[in-house]
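Q: Would you be able to build a 3D model of this:
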Amino acid sequence: MKKIVTGSQNMTKLDAANMMIATATDIKSCDGMIITVDKWVQMQDTDTGAYVMVISDKDGSFYATISNVFQQAFLTAAEQLGDMTDVSVQVIKATSKQGRNFFSFKLVIE
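A: The predicted structure follows:
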């Protein structure tokens, strides 16, 4: 079972339910892609304790990630900006000092 930890301020209960069951594109396959955030939610799987973030864009597409790096960066940006609604992010694949790939993003001004 999943429970909502946090999410965008403009999200309704119906939006949240839809995001919990949505078939989403993995952020790993979105390197370089620009996503204009409409709504977002961070959920926790109550069975495993794992966190997942789902982002929806203006076109109704869903993107998901279990990446802790991406989620923490997103939550930090949301805290600084007050929310991430109507903000565009470009997904970035990077390599750690240990040679492992990870995903993050940069804010994009359009």
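
Q: show me the contacts for the closest residue to Thr25 other than its chain neighbours.
A: Nearest non-adjacent residue to Thr25, counting by C-beta to C-beta, 6 or more residues apart in numbering: Tyr63, 5.2 Å away. (C-beta placed from N, C-alpha, C; glycine too.) Listed by C-beta atoms under 8 Å, 6 or more residues apart in numbering, the contact partners of Tyr63 are Ala24, Thr25, Asp26, Ile27, Cys30, Ile35, Val54, Ile55, Ser56, Asp57.

Q: mind checking the backbone torsions on the fourth one?
A: So that's Ile27. The phi/psi pair for Ile27 (degrees, to the nearest 10) reads phi -50, psi -30.

Q: State the distance from it to Val54.
A: 10 Å (C-beta to C-beta, to the nearest Å).

Q: Now do the shared contacts for the two.
A: Common neighbours of Ile27 and Val54 (C-beta under 8 Å, 6+ apart) are Tyr63, Ala64.

Q: Report the secondary structure state of the residue lying farthest from the centre of the chain.
A: Centroid-distance maximum for the chain: Gln98 at 24.5 Å, with C-alpha atoms, centre = their mean. At Gln98, secondary structure determined by DSSP: H, G, I helix; E, B strand; the rest coil is coil.
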